[in-house]
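*Asks:* Generate coordinates for the sequence data below:
(one chain, ligands or ions: 1)
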Amino acid sequence: MSLSPTEAGGAPAPDPSRTAAGGAGVGAGSRQEAVLAALAAGILGPAWDPAVPGRMLEILGRAAGRRDRDRLLGVLRALDTRAGALAFTGRPAPVSGLGPAAAEAVVRRWAASRLPPVRRLAAAVGPVALLAAYARPGPARDATGYPGPLGPAPDVPRRLAPLRPDGDEELTCDVAVVGSGAGGGVVAAELARAGLDVVVLEKGGYAAERDFTHQEGDAYRDLYLYGLTLTTDDLACRILAGSTLGGGTVVNYSTSFPTPPAVLAEWAEVSGVDAFVSGEVAASLEAVAARLGVTEGHSRPGARDRLLEQGLERLGWHAGPLPRNVRGCPQDAGCGWCGFGCRTGAKQSTLVTYLEDAAAAGARLVVGADARRVLVRDGRATGLEAVAGGRHRLVVRARAVVAAAGAIETPALLLRSGLGGQVGRNLRLHPGTAAMGAFAEPVRWWEGTLQARYSAELRGRLGPYAPLLETVPVHPGVAAAALPWRSAADHRAQMERLADLSLVAVLCRDAGAGRVLLDRDGSPRVRWRLRAADEARMAAGLAAAGEVLAAAGAEEVFSIQRRRLGFRPGEPGAAHDWAETTRRAGFGGGRAALFSYHQMGSCRIGTDPAASAVGPDHRAHEVDGLYVADASLFPTASGVNPMLSVMALAHRAAAKVAAALA
Ligand SMILES: Cc1cc2nc3c(=O)[nH]c(=O)nc-3n(C[C@H](O)[C@H](O)[C@H](O)COP(=O)(O)OP(=O)(O)OC[C@H]3O[C@@H](n4cnc5c(N)ncnc54)[C@H](O)[C@@H]3O)c2cc1C
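*Replies:* Numbers count the residues shown, from 1 in each chain. Presented below is the predicted three-dimensional model:
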């Protein structure tokens, strides 16, 4: 038997594809590492430590597309030649020999360059150096006042025993599901409960309560898609998604909004699918909310959300508690680390709900299994071909295939399988930026209930596409990558005040669409630009976020635009002038740090094959027996945090698949 349960062997073995720093033959002692070391010394200044360059190579090794990674490694190598250095730095001195001050000057010039490829070089190297320094214990992180994880993980048994192939393998089942997150978990459980034989392929590993180290760097490596390296192709927006058994539901912030009725009405109109307004999707929303124990009774705000609420109340603006999918959540300081996995099991991720249901009903869960292609014969899906454990061939023969790999990977899988049409189009990202506030007292924005309060104030004023205001837990690695870098000393000074910062995040409902394409090696590429109308709404959102922080008592408020723009509340006209300056400075094309926590819409559902990738019954227009059951389905952006909407659509998809196979 070559399919072995991971439980027997304890923590899962590392997947070689996840530690592919050396994937391009580049490792310790390479010229690229020497160049990264010099550049990192310039970027980090006193925050540099010798472990950083190796970590940078490791992070770069997790990038989705080999082409981009190889191109960057090629440039780094060229920088260590006289000709390459001359082209990129204006002096024929190999970059590995530059001292920190000279390297810092080079990076500053790149960041301010008028030439997009040169600017992109700074955008490619800078955040990686900062993440490498601050997402792990060491001198950089120590100076921020960050306490690191609060104690060790609990010694509790793992409750699932997923399979991990250790040789080539063939499985047979009724339904093969790709992905185990919000969509995949629900669809697998519902189909298994309906008596079908289900196999779930998950490309991430299995980590349970006892495995959550709560080290930021470990979490990005082990639980997040491409270790947090995925960005839009212009590097302007960083894309965060879960990649582990349970997918996004393991790392997400537990906010559980039902799809708003106005959004359901819009979706019915855009897609022609009556189920959005007939009560069918509403019934699925109720069913999944009940299974997850969604409640507004566990939303005790931490310091970050108290400031948000205070600011909103002082302005007389809307403030609401966030519904959350938790049971017995302590809502204490430690909850801020729950984005790296909930150690108490309170967060009702699919790991502790639907995947347990699925396993109890006989579904087989396979981890470390990367589905590469849907097998199609005579226009009908007959199964999947996957790479397991980074090197074994896994074939799953099935009567139906359900793609639930998330809105980036589902279209990539379908494109690799020869589908076209609308597959990959209509991608929405909910791009987010934030206003930052510096306070006189420590806030410790990494602590406290993940998310507890929000404001829909702008919806009332600017309509259904206006941004929401929320907070998120912020740990040093991601903070370092987000805070504007103007010089090593300036960035270091910001990091030393980290504990005093808070934020109001601007969650934008984007009307403009991007597209998932395939790279030559079959990995996804995200083409996306911030459209003018979305940028205007983002600017309005940032202005409002700044006002909230000012009302909450911030001593200084600033944006995370490339030019760090700030104001001191209390100075007459300052907030208004700031709003105007930040709007003019702009947000697209790398002018602001943007983050996407919600990817949607890239295989949307609809009656018209010219405008959608799957039909009203979730079946791909082009291939029988192939279904989609994840965030890719959304006809437009959900406008609220999407997990519950994803689960409801997956719940509905399961009924359609079961009916088709009956
Ligand atoms: C940090 C963070 C915080 C968030 N907070 C919230 C929140 O509070 N509330 C909310 O509503 N939403 C939140 N979200 C978003 C929410 O988690 C996602 O919208 C949701 O999980 C998407 O569901 P999905 O099924 O489409 O994909 P996912 O849940 O991402 O699951 C996809 C799974 O498929 C796997 N996969 C991908 N490709 C393959 C392949 N080829 N073979 C096998 N497996 C594959 C992935 O590894 C992953 O595990 C958050 C997201 C993040 C990253």
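*Asks:* Now stretch 400-412 - C-alpha only, PDB.
*Replies:* C-alpha atoms of stretch 400-412 as PDB (Å, rounded to 0.1, in the frame of the first residue of the first chain):
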ATOM      1  CA  ALA A 400     -17.500  13.600 -12.200                       C
ATOM      2  CA  VAL A 401     -14.800  16.100 -11.300                       C
ATOM      3  CA  VAL A 402     -15.400  19.200  -9.100                       C
ATOM      4  CA  ALA A 403     -12.900  22.000  -9.400                       C
ATOM      5  CA  ALA A 404     -12.700  24.000  -6.100                       C
ATOM      6  CA  ALA A 405      -9.100  25.100  -6.200                       C
ATOM      7  CA  GLY A 406      -9.900  28.800  -5.600                       C
ATOM      8  CA  ALA A 407     -10.300  31.600  -8.100                       C
ATOM      9  CA  ILE A 408      -6.600  31.600  -9.200                       C
ATOM     10  CA  GLU A 409      -6.000  27.900  -9.400                       C
ATOM     11  CA  THR A 410      -9.400  26.600 -10.700                       C
ATOM     12  CA  PRO A 411      -9.100  28.600 -14.000                       C
ATOM     13  CA  ALA A 412      -5.400  27.500 -14.300                       C
END
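*Asks:* Let me know the secondary structure of Ala192.
*Replies:* Put simply, Ala192 is helix when judged by DSSP: H, G, I helix; E, B strand; the rest coil.
*Asks:* which ones are touching it?
*Replies:* Ala192 makes contact with Val198, Asp357, Ala358, Ala361, Gly362, Ala363, according to C-beta atoms under 8 Å, 6 or more residues apart in numbering. Any C-beta I mention is one placed from the backbone N, CA and C, and that applies to glycine too.
*Asks:* Run a quick check on the first one versus Thr172, I expect a contact.
*Replies:* Yep, that's Val198 we're talking about. No - counting by C-beta atoms under 8 Å, Val198 does not reach Thr172; the two are 11.8 Å apart.
*Asks:* For Leu662, the count of nearby residues, please.
*Replies:* Leu isn't right for residue 662; it's Ala. As a burial measure, Ala662 scores 8 neighbours (other C-beta atoms under 10 Å).
*Asks:* what about it, distance to the ligand?
*Replies:* Noted for Ala662: a distance of 25 Å to the ligand, by C-beta to the nearest ligand atom, to the nearest Å.
*Asks:* can you offset everything so residue one is 5?
*Replies:* Yes, from this point I'll number from 5; that puts the last item at Ala666.
*Asks:* For Val399, which three-state class applies?
*Replies:* Val399 - assigned by three-state DSSP - is strand.
*Asks:* separation between it and the ligand?
*Replies:* 14 Å.
*Asks:* show me what contacts that residue?
*Replies:* With C-beta under 8 Å, 6+ apart, Val399 has these contacts: Glu173, Glu174, Leu175, Leu379, Gly387, Leu388, Glu389, Ala390.
*Asks:* same deal with Val203?
*Replies:* Leu175, Cys177, Val179, Ala180, Val181, Ala367, Arg368, Val370, Val400, Ala402.
*Asks:* now swap in Asp222 and tell me
*Replies:* By C-beta under 8 Å, 6+ apart, Asp222 lies in contact with Phe344.
*Asks:* Which helix or strand contains it?
*Replies:* Counting by DSSP states H and E, the element that carries Asp222 is helix 220-227.
*Asks:* quick one: secondary structure of the residue lying farthest from the centre of the chain?
*Replies:* Farthest-out residue of the chain from its mean C-alpha position, per C-alpha atoms, centre = their mean: Pro96, at 39.7 Å. Applying three-state DSSP to Pro96 yields a three-state assignment of coil.
*Asks:* mind checking which helix or strand the closest residue to Arg377 other than its chain neighbours is in?
*Replies:* Leaving out its chain neighbours, the residue that sits closest to Arg377 by C-beta to C-beta, 6 or more residues apart in numbering is Glu389, at 4.6 Å. Using DSSP H and E, Glu389 sits within strand 384-392.
*Asks:* what pLDDT, on average, does that strand get?
*Replies:* For strand 384-392, mean pLDDT is 98.
*Asks:* packing partners for that strand?
*Replies:* strand 179-182, strand 373-381, strand 396-401, strand 404-407 (3 or more C-beta pairs under 8 Å, 6 or more residues apart in numbering; DSSP states H and E).
*Asks:* Can you tell me what sits against the second one?
*Replies:* Contact with strand 373-381 is made by 21, 169, 182, 205-207, 385-392, 398-399, 401, 405, 407, 409, 417-418, 420-422, 526, 627, 630, as judged by C-beta under 8 Å, 6+ apart.
*Asks:* of these, buried ones?
*Replies:* Burial by neighbour count, 16 or more other C-beta atoms under 10 Å: within those this picks out 21, 169, 182, 205-207, 385-388, 390-392, 398, 405, 407, 409, 417-418, 420-421, 627, 630.
*Asks:* Mind exporting the C-alpha coordinates of the strand holding Glu389 to CSV?
*Replies:* The C-alpha trace of strand 384-392 is given here as CSV (Å, rounded to 0.1, in the frame of the first residue of the first chain):
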residue,chain,number,x,y,z
ARG,A,384,-16.7,14.2,-20.7
ALA,A,385,-14.5,14.4,-17.6
THR,A,386,-13.3,11.0,-16.6
GLY,A,387,-11.0,12.0,-13.7
LEU,A,388,-7.8,13.8,-12.8
GLU,A,389,-4.1,13.6,-13.3
ALA,A,390,-2.1,14.9,-10.4
VAL,A,391,1.5,15.1,-9.0
ALA,A,392,1.7,13.8,-5.5
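*Asks:* Report the distance from that strand to the chain centre.
*Replies:* Chain-centre distance of strand 384-392: 26 Å, with C-alpha atoms, centre = their mean, to the nearest Å.
*Asks:* can you state the direction angle for it and strand 373-381?
*Replies:* Interaxial angle, strand 384-392 versus strand 373-381 (axes from the mean of the first three to the mean of the last three C-alpha atoms, to 10 degrees): 150 degrees.
*Asks:* got the angle for strand 384-392 vs strand 396-401?
*Replies:* Orientation of strand 384-392 against strand 396-401 (the same axes, to 10 degrees) gives an angle of 160 degrees.
*Asks:* any residues touching strand 384-392, and which ones?
*Replies:* By C-beta under 8 Å, 6+ apart, strand 384-392 touches 21, 168-169, 173, 180, 182, 205, 370, 372-380, 397-402, 404-405, 627-630.
*Asks:* what's near enough to touch Arg308?
*Replies:* Val447, Trp449, Glu451, Gly452, Thr475, Pro477, Ser506, Leu507 are the contacts of Arg308 under C-beta under 8 Å, 6+ apart.
*Asks:* ok, 10 Å please
*Replies:* With contact taken as C-beta atoms under 10 Å, 6 or more residues apart in numbering, Arg308 is in contact with 340, 447-457, 474-478, 505-508.
*Asks:* one step back: wait, which of the contacts of Val203 is closest to Arg225?
*Replies:* Nearest to Arg225, judged by C-beta to C-beta, of the contacts of Val203 is Val370 at 20.9 Å.
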